[in-house]
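**Q** I would like to see how this sequence folds:
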Amino acid sequence: RGNQAAEVPTNKPRQPRGNQAAEEPPEPLEPAERGLKESKAKGPAGEALQRSDEELVALLKRPPKHVPELRTRDSYRKFFRGVGVGRMGRLLSEAYGEDEAKVAKRLALVRDVLSEDQ
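**A** Presented below is the predicted three-dimensional model:
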């Protein structure tokens, strides 16, 4: 027992075993390479940019619990990310008509993820 040498830890980096090559992680893809637009807000553009105004107004008129894309605040914000402020105001006004308080509340919810253009 006393004659066995104890293994001494070293500060050397571990070498890969067998076929494991030491390679660096891949570079993150740029938005253009992913096929997505980036809005001024953080993250990729939302699905609303791919839909017509008529489709969006129809979705907004339905109760949010029946529209998965609009069910939660986060999903609502993610869906409308990158839409122009003017377009979003028009969509909300058309969907909610005279209920200016509802329009203002929904617009405030997404204002920081909307685009200044359009």
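
**Q** Quick check: which ranges of this protein have low pLDDT?
**A** 1-43, 117-118 (pLDDT under 70).

**Q** ok, now with 50
**A** The model of the chain has pLDDT under 50 over residues 25-26, 28-40, 118.

**Q** All the helices of this structure, in order from the start?
**A** With DSSP state H as the criterion, the chain has helices at 31-34, 53-61, 73-80, 85-96, 100-110.

**Q** Nearest to Val67, out of the ones you listed?
**A** helix 53-61 (5.3 Å; Cβ to Cβ). Using the backbone N, CA and C atoms, a C-beta is placed for each residue, glycine as well.

**Q** Can you tell me which helices and strands the closest one packs against?
**A** If contacts are counted by 3 or more Cβ pairs under 8 Å, 6 or more residues apart in numbering; DSSP states H and E, helix 53-61 sits against helix 85-96.

**Q** and the nearest residue to Gly89 once chain neighbours are set aside, how many residues sit next to it?
**A** Leaving aside its sequence neighbours, Gly89 sits nearest to Leu107 (Cβ to Cβ, 6 or more residues apart in numbering; 6.2 Å). Leu107 has 16 neighbours, counted by other Cβ atoms under 10 Å.

**Q** now Lys102
**A** For Lys102, the neighbour count with other Cβ under 10 Å is 15.

**Q** So it versus Ala45, what's the distance?
**A** 25 Å (Cβ to Cβ, to the nearest Å).

**Q** circling back: which of the helices of the chain sits closest to Glu116?
**A** Of all the helices of the chain, helix 85-96 comes closest under Cβ to Cβ, at 6.4 Å.

**Q** Just want the angle from that closest one to helix 53-61.
**A** 60 degrees (axes from the mean of the first three to the mean of the last three Cα atoms, to 10 degrees).

**Q** Just want the angle from helix 85-96 to helix 73-80.
**A** Using the same axes, to 10 degrees: helix 85-96 against helix 73-80 is 120 degrees.
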